[in-house]
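Undergrad: Output the structure for:
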Amino acid sequence: MFKTASFFRIGPDFVMPSLDALEDALQAMRFVPCGPTQPESHGWIAPRGKASVMLAESVGGQVILNLCVERRALPASAIRAGVEEKIEKYQKETGNERVSARVKKEFKEEVVLDLLPRAFTKRSSTLLWLDTTNRMLVVGTGSTTGADRVITCLIEALSAVPGSTPGLSVKPVQTQSSASASMSGWLASREAPMNFTVDRDCELKTPDEHKSTVRYSRHTLEIDEVPQHIAAGKVPTQMGMTWNDRLSFVLTEGGQVRKIQLLDVVLDGVQKGGKDDDGFDTDAAIITGELAGLIPDLLEALGGEAGDAVVAELA
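TA: Next up is the predicted model:
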């Protein structure tokens, strides 16, 4: 379900509305495909899939949403060619070799409007998990722009719920130690944090204009050259890890987790217990349960949360 995750802390004053009220707000912002001259459209879709009409799913008290984005892809080369053609025609008709920036902008707008109805559309969707018990918001993307879009749409939907005050406030989870610094320490000391093991994939890069990069794939990292690279100034930008022999992932320099994969000890339990009709409830319960265990351990491994989040927790 979640293959990538970015973590955000929910403000302490937020009160989750009823599922019915949230559903009504989401339905008003349901996804509608792009119109013929619309470059982009976004809205909420059913997390359970096309067979469902429900936009807000609650599994074990965990709320799962899904935002869909559709874009019409316009190749820059096609736009440029269309503008150049209009400029050439303009120069011939007016005899004026110079074309103002305003005219060029108008030509570009005309070309885009002409090309949009013929452009192919591309859709993507991003899962979102609201864990109000632990005041955590998990967005299924490693892109800052993508996460911001999903959170903005969520805030808009929640603000449309009658009596929804105070509104939702979130901020990226910040830790005392950066992911890069922590990974450097683990690799240099060859000692993983409690409940984790370091796997066989890693990328190290120099933080300068050259961006010299060394990658290890399916290769032991317990070799002398890894700490030597770190001593020479290379910084880990991503590293494969396993949590409690239950879940493997890649930790990025920004603190996101990617390539999330449930391991056999978890999957064997699923097979023995069986699945619900469409598998959604089971999958949602398992991944949210595993991530709910991983997140606090990962934050602790990174030195704990920094700033206001820590103060709020202690209060």
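Undergrad: And the helices in the stretch 51-200 of the chain?
TA: Along the stretch 51-200 of the chain, the stretches classed as helices by DSSP state H, counting those that start in this stretch are 76-94, 101-115, 144-159, 179-189.
Undergrad: Rebuild those helices as a markdown table, extending it with mean pLDDT.
TA: Converted to a markdown table, these look like this (pLDDT from 0 to 100):
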| stretch | mean pLDDT |
| --- | --- |
| helix 76-94 | 90 |
| helix 101-115 | 90 |
| helix 144-159 | 94 |
| helix 179-189 | 95 |
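Undergrad: Of those, which is nearest A51?
TA: For the helices of the stretch 51-200 of the chain, proximity to A51 was assessed by Cβ to Cβ; helix 144-159 is nearest, at 22.5 Å. Using the backbone N, CA and C atoms, a C-beta is placed for each residue, glycine as well.
Undergrad: So which of the helices of the stretch 51-200 of the chain is nearest D283?
TA: With Cβ to Cβ as the measure, helix 144-159 is the member of the helices of the stretch 51-200 of the chain nearest D283 (19.7 Å).
Undergrad: Tell me the buried residues in the closest one?
TA: Neighbour-count burial for helix 144-159 flags G146, A147, R149, V150, I151, C153, L154, A157, L158 (criterion: 16 or more other Cβ atoms under 10 Å).
Undergrad: Show me which of those is closest to D131.
TA: L154 (13.4 Å).
Undergrad: thought that closest one was touching L168?
TA: Yes: using Cβ atoms under 8 Å, L154 is in contact with L168, at 6.7 Å.
Undergrad: T252 and T242, how far apart?
TA: Distance, T252 to T242, by Cβ to Cβ, to the nearest Å: 16 Å.
Undergrad: who has more neighbours, these two?
TA: T252 (20 against 17; other Cβ atoms under 10 Å).
Undergrad: what's the closest non-adjacent residue to the more buried one?
TA: Q238 (5.0 Å; Cβ to Cβ, 6 or more residues apart in numbering).
Undergrad: what does P236 give?
TA: M183 (3.8 Å).
Undergrad: Tell me who's in contact with the one you found.
TA: By Cβ atoms under 8 Å, 6 or more residues apart in numbering, the contact set of M183 is P236, M239, L251, E253.
Undergrad: What count of nearby residues applies to the last one?
TA: When neighbours are counted by other Cβ under 10 Å, E253 registers 18.
Undergrad: Cross-check the contact I'm expecting between it and M239.
TA: No: in this structure E253 lies outside contact range of M239 using Cβ under 8 Å: 9.2 Å.
Undergrad: give me every residue that touches the residue nearest the centre of the chain.
TA: Most central in the chain under Cα atoms, centre = their mean is T141, positioned 1.5 Å from the mean C-alpha point. Neighbouring residues of T141 by Cβ under 8 Å, 6+ apart: T4, S6, T126, A147, V150.
Undergrad: circling back: who does the residue nearest to T252 form a beta bridge with?
TA: Assessed by DSSP bridges, Q238 has beta-bridge partners E203, T252.
Undergrad: how far away is it from A181?
TA: Counting by Cβ to Cβ, the gap from Q238 to A181 is 14 Å.
Undergrad: cool, V226 as well?
TA: Between V226 and A181 the distance, using Cβ to Cβ, works out to 16 Å.
Undergrad: Over to the residue of the chain most remote from its centre: give its phi and psi.
TA: For the chain, the largest distance from the centre (Cα atoms, centre = their mean) belongs to G95, which lies 51.8 Å off. Main-chain dihedrals, G95, degrees, to the nearest 10: phi 70, psi 10.
Undergrad: Point out where the stretch 101-250 of the chain drops to low pLDDT.
TA: 164-166 (pLDDT under 70).
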